Structure formats: C-alpha cells, structure tokens
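S.K.: Need coordinates for the following:
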Amino acid sequence: VETFHSKVRKLKNVKKGRKPLLFTSCFIFLPARQLALHFDTNGTPVMIGGASLAHTILGIDWNQELGKVRWLILDPHYKGAEDLKTIHKKGWCNWKDESFWKKNASYNILLPGRPNLL
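M.R.: Numbers count the residues shown, from 1 in each chain. Next up, the predicted model:
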C-alpha cells in the first residue's frame with residue numbers, strides 16, 4: 001500500500017486477553033481519542049482483523065463524559081443486493097458497542113493515511 005501512495009500507515013497489534021486501553025468499562029483496542037483524531041485528520045476507513053475476523057471501522061461515536069464508545073462497522077463479507085435497508089437491518093453496516101468485540105481475540109488495526117497526490 002505504501003508503495004502506491006507513498007504514505008506511512010500506522011499498524012497496531014493487540015494480543016488476545018490484553019486489558020482495555022480506554023476507560024475501565026470499555027473494551028477497546030485503540031483509545032477513542034486516537035481513533036477520533038484519525039478520522040478528523042485523515043478521514044480514511046480503519047481496517048481491523050484477526051484470526052477469522054475482519055471489519056472496517058467507518059466512524060466513531062465517543063461520549064467522553066459517559067465513557068461510552070460506539071463504532072460504525074462495515075462487514076466486508078456482505079454479498080448481496082445493494083439494499084441499504086437490509087444491510088442496516090441485518091447488521092452488515094451498523095453502530096456497535098464494546099460487546100461486539102471478542103475479548104479473547106487478537107486484532108491487527110490499520111490506520112491508513114491519505115495518499116500524496118500531485
């Protein structure tokens with residue numbers, strides 16, 4: 001990816017069983033502040049995967065006062081018609097809370113930067 005875009009990517013690995021990095025009540029692998037900053041500065045989707053799991057994070061809903069975080073998750077495995085109602089209703093693209101993440105899984109997180117265009 002870097003060869004085509006000449007832009008450094010941030011790659012993070014979170015081992016299974018690792019304690020949360022954000023608040024004591026949330027299971028999150030990347031601090032919400034860092035993820036929010038990524039979307040504010042780059043605006044690019046975040047790829048996350050591990051073992052047999054793969055998802056794309058399209059956005060974050062972070063309530064700092066309550067310590068609550070939700071992620072807008074797109075499941076790239078969807079195969080079907082471009083029917084937004086079905087995609088949303090069946091959870092293929094939807095807001096997810098911390099219960100969505102598997103606490104005993106390892107994840108790799110890729111935060112791609114924007115390409116350098118001429």
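S.K.: List the buried residues for the top strand by length along the chain?
M.R.: Using DSSP state E, we find that the single longest strand of the chain is strand 53-63. Judged by neighbour count (16 or more other C-beta atoms under 10 Å), strand 53-63 contains these buried residues: H55, T56, I57, G59, I60, W62. C-betas here are computed from N, CA, C, even on glycine.
S.K.: all helices of the chain, in order?
M.R.: Taking DSSP state H as the criterion, the chain contains helices spanning 2-5, 32-41, 84-89.
S.K.: okay if I get those helices as TSV plus mean neighbour count, mean pLDDT and distance to S99?
M.R.: Compiled in TSV, these are given as follows (neighbours: other C-beta atoms under 10 Å; pLDDT from 0 to 100; distance: least, C-beta to C-beta, whole Å):
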stretch	mean neighbour count	mean pLDDT	distance to S99
helix 2-5	9	46	34
helix 32-41	16	87	16
helix 84-89	11	90	18
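S.K.: now for the ones you listed, which one comes closest to K103?
M.R.: Closest approach to K103 among the helices of the chain is made by helix 32-41 (17.3 Å; C-beta to C-beta).
S.K.: Who are the packing partners of the closest one?
M.R.: Under the contact criterion of 3 or more C-beta pairs under 8 Å, 6 or more residues apart in numbering; DSSP states H and E, helix 32-41 touches strand 53-63.
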